[in-house]
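Asker: Take this sequence and fold it.
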Amino acid sequence: MSSEASSAVPQSNGRLAATSLAALGVVFGDIGTSPLYTLKTVLDYTGSHPDPSATLGALSLILWTLFLITTVKYVSFAMRVDNDGEGGIIALMTLLGVKAHQRPIIIAVGLFGAALIYGDGAITPAISVLSALEGVEQIAPALTAYVLPAATVILLALFAVQPFGTAAIGRAFGPIMLAWFLIIAALGLYGIVQHPAVYVAINPLYGLDYLVRGGMQGFLVLGGVFLCVTGAEALYADMGHFGPGPIRLSWSAIVFPALILNYAGQAAIVLAGAPTDGNIFFRLCPAPFLTPLIVLATVATVIASQSIITGAYSMTRQAIQLGWLPRMTIRQTSEEGYGQIYVGTVNWLLMIVTLGLTIGFGKSDNLAAAYGVAVSATMLMTSVLLFIAMREIWNWPIWAAGAVAALFIIIDFSFFAANMAKVMDGGWVPLLLASIVYGVMWIWHRGAAAVHDRVVAEQTPLTAMVEQLHSGKIARVPGSAVFFTRAKDQTPPVMVWHVRQNRALHETVLALTLTVLSVPRTDSEERLSVARVDDKFWRAEARRGFMEHPDIPEILAECRAKGAEIDLDDVTFYVGSETIVPREDGKGMPRWQEALFAALGRNAARISDYLELPCDQVVEIGREIEI
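Answerer: This next block holds a predicted model:
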């Protein structure tokens, strides 16, 4: 259930290589483009002329951060804990907080960690594209004035093409990123040759000495060092798309070595006397190849941004399925993969925030102050959840789980604390975004629970409805009716209202409940249960995982195969359209929460649109619900 064995699928060498190549284009874009700005940001703390000990100390901290957080924590530990093959903080939260037990604290931690990722999703495209384009300063300083307009145009184009899907472009992502990693590795080697003594930075004592001697400034440097692993959470979150094997192979064989070489090469040319003003990454490149490198870097940052945007779509779908966000229109853009989706609301909101950050901060240096706070907090929360997983999933003794988790938590908390020092310089932006998203999640879930409780309190027993149908006072008309309902053992409220107002009912009736489980996907034997209530009257419950979208025609066909005699060619769908109003007795939700929940409900996608029901076969019945 929650071990690597449950999700690992045996793969041939050729298949593994192909999947690993695809993973390069989806998983590693963010962490793979971090050399564009990380070392420069770290050395900015030391002034324009860092001494050799500062340069070697900074490099040592970066190398060991990459190893401890990415290789040890995520690749070696986190990827061994999966929720039926899915990774990421939401999957981990549902595994520990919903699937096993109802634990509000764990759910709150997981949801706030997920909300923080939206903040990262807005900043990543801005800082990545800006840092790539700023390489033109090395060609001609006069071109600097065009960096911000060019970045704005590229980001606009990136979000504008999202509705068309990325399946075709996605096939090219892997080879492009492979070329990127090979080139930055070669550039790193070119730099190392100029000052081979840089290799001594592999000794962690250089990094520790830098921290100790630097005092408060040395501690604050950790905020810049952390930028080298801002994409590490993606390794875990994208595990469900590729499996752990291809991600581990890509990281160990290509990405990690390329990053080490490039960071070492940058530090080497600084030790050799290269200035640290401007972009150190582009100073590695010989002048004749600078323009092609800037183009490749821009393409790589667009790919990194695409990965973040796609991840935001997937996370939104999971949150909707689990009842933490209002319904949004989700469009499948390709039959090639379930992850190829488009969520318009998320896309345009991300675009507005990203462009606002790009224009507002203007330079990647300024954005670096805002970057890292969100991801470091998410990583800290993941470490806490991993401790619980070690105890409950792996059954480790508390001393072993505590020792490993303590190492992760100390490292993560150090980075988080260092990043919190940047709050007033822009770090408040992702925290504000995350707080807004978390507030929306919390109020929506609370309101949905209040609606459910109100509906349950007013339900009509199935036996009472059957007696009413047998009384002969209800006319039965030809055709089949499907009533969608939350009630699993009571009469659908929409059906009660329909019968009361029209005094008629279709000849064949199916009451259908859609239940989203706290697993990504359901087993075939658990997907559907059908029970006969009365002659021509059936109850059905369709269960789907939080990574699945209900296919209503498929569900109805399965119901018919299990004995429900519905006419698939003559079906009318009945759904409720709820108007939320405050309770008059003063016992409901606070007015401001009720008003916000009602506004979210009014702007949510209609259930008929969300389920993709044929519009000419749907009857929506409105009713007021007091909460």
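Asker: got the CA positions of the host helix or strand of residue 512 in CSV?
Answerer: Assigned by DSSP states H and E, residue 512 belongs to strand 504-517. What follows is strand 504-517, C-alpha atoms only, in CSV (Å, rounded to 0.1, in the frame of the first residue of the first chain):
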residue,chain,number,x,y,z
ALA,A,504,-44.8,12.2,-11.4
LEU,A,505,-41.7,10.0,-11.8
HIS,A,506,-39.9,8.2,-14.5
GLU,A,507,-40.7,4.5,-14.9
THR,A,508,-37.1,3.5,-14.1
VAL,A,509,-35.1,5.3,-11.4
LEU,A,510,-31.5,5.2,-10.3
ALA,A,511,-30.2,7.1,-7.2
LEU,A,512,-26.5,7.6,-7.8
THR,A,513,-23.9,8.7,-5.2
LEU,A,514,-20.4,9.6,-6.3
THR,A,515,-17.8,9.0,-3.5
VAL,A,516,-14.2,10.2,-3.7
LEU,A,517,-11.9,7.9,-1.7
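Asker: could you give the mean pLDDT of it?
Answerer: Mean per-residue pLDDT for strand 504-517: 90.
Asker: Tell me how many other residues surround residue 558.
Answerer: 17 (other CB atoms under 10 Å). For every residue, glycine as well, the C-beta is placed using N, CA and C.
Asker: Which strand or helix spans it?
Answerer: Per DSSP H and E: helix 552-561 holds residue 558.
Asker: Next: residue 486.
Answerer: In the assignment (DSSP H and E), residue 486 maps to no helix and no strand.
Asker: Between helix 552-561 and whatever helix or strand comes next after the helix holding residue 558, find me the angle.
Answerer: Downstream of helix 552-561, the next assigned helix or strand under DSSP H and E is strand 571-581. Strand 571-581 and helix 552-561 are oriented at 120 degrees to each other (axes from the mean of the first three to the mean of the last three CA atoms, to 10 degrees).
Asker: Okay, buried residues for stretch 488-498 please.
Answerer: Under the neighbour-count criterion of 16 or more other CB atoms under 10 Å, stretch 488-498 has 490-496, 498 buried.
Asker: circling back: partner strands of the strand holding residue 512, parallel or antiparallel?
Answerer: strand 475-484 (parallel), strand 537-545 (parallel) (DSSP bridges).
Asker: in its sheet, what does the helix or strand following that strand sit against?
Answerer: Following strand 504-517 in sequence order, the next helix or strand is strand 528-534 (DSSP H and E). Within its sheet, strand 528-534 is paired with strand 537-545 (antiparallel), according to DSSP bridges.
Asker: Tell me the buried residues in the strand it pairs with?
Answerer: Quick answer for strand 537-545 (16+ other CB under 10 Å): 537-545.
Asker: give me the low-pLDDT residue ranges for the stretch 101-250 of the chain?
Answerer: Across the stretch 101-250 of the chain, the ranges flagged by pLDDT under 70 are 101-102, 165-171.
Asker: quick one: which of the strands paired with strand 504-517 is nearest residue 104?
Answerer: If you check each of the strands paired with strand 504-517 against residue 104 by CB to CB, strand 537-545 wins as the nearest, at 22.0 Å.
Asker: for this protein, longest helix please?
Answerer: helix 290-321 (DSSP state H).
Asker: What is the next helix or strand after it packed up against?
Answerer: Sequence order places strand 330-332 as the next helix or strand after helix 290-321, per DSSP H and E. The contact analysis (3 or more CB pairs under 8 Å, 6 or more residues apart in numbering; DSSP states H and E) places strand 330-332 against helix 290-321, strand 341-343.
Asker: average pLDDT for the first one?
Answerer: To tie it back to what came earlier, the one meant is helix 290-321. Mean predicted lDDT for helix 290-321 stands at 85.
Asker: how distant is that helix from the center of its chain?
Answerer: With CA atoms, centre = their mean, to the nearest Å as the basis, helix 290-321 stands 12 Å off its chain's centre.
Asker: quick one: that helix to strand 537-545, angle?
Answerer: Going by the same axes, to 10 degrees, helix 290-321 makes 150 degrees with strand 537-545.
Asker: ok, now which ones touch the residue nearest to residue 30 when sequence neighbours are not counted?
Answerer: With CB to CB, 6 or more residues apart in numbering as the criterion, residue 30 has its nearest non-adjacent residue at 2.9 Å, and that residue is residue 231. Applying CB atoms under 8 Å, 6 or more residues apart in numbering to residue 231 gives the contacts 28-32, 34, 304.
Asker: Adding secondary structure and neighbour count, write those out as a markdown table.
Answerer: Shown next, in a markdown table, are the contacts of residue 231 (DSSP: H, G, I helix; E, B strand; the rest coil; neighbours: other CB atoms under 10 Å):
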| residue | secondary structure | neighbour count |
| --- | --- | --- |
| 28 | coil | 30 |
| 29 | helix | 26 |
| 30 | helix | 27 |
| 31 | helix | 24 |
| 32 | helix | 26 |
| 34 | helix | 28 |
| 304 | helix | 30 |
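Asker: just curious, which of the residues you listed is nearest to residue 247?
Answerer: residue 28 (8.6 Å).
Asker: returning to what we had before: quickly name whichever of the contacts of residue 231 is closest to residue 583.
Answerer: Using CB to CB, the contacts of residue 231 come closest to residue 583 at residue 30, 46.1 Å.
Asker: Is it correct that that closest one is in contact with residue 310?
Answerer: No - assessed by CB atoms under 8 Å, residue 30 is found out of contact with residue 310, at 11.7 Å.
Asker: Could you report the distance from the residue nearest to residue 30 to residue 74?
Answerer: Using CB to CB, to the nearest Å, we find residue 231 at a distance of 10 Å from residue 74.
Asker: Residue 67 now?
Answerer: As defined by CB to CB, residue 67 lies at a distance of 11 Å from residue 74.
Asker: Which of those two has more residues huddled nearby?
Answerer: Looking at residue 67 and residue 74 with other CB under 10 Å, you find the greater number of neighbours at residue 74, namely 25 against 16.
Asker: OK, contacts around that one?
Answerer: 232-233, 235-236.
Asker: same thing with residue 312?
Answerer: Contacts of residue 312 by CB under 8 Å, 6+ apart are 117-118, 121, 343, 346, 350.
Asker: how near is it to residue 118?
Answerer: In terms of CB to CB, residue 312 sits 6 Å off from residue 118.
Asker: Show me the common contact partners of these two, please.
Answerer: residue 350.
Asker: hang on, the earlier thing: between the buried residues of strand 537-545, which sits nearest residue 286?
Answerer: Nearest member of the buried residues of strand 537-545 to residue 286, counting by CB to CB, is residue 545, at 51.7 Å.
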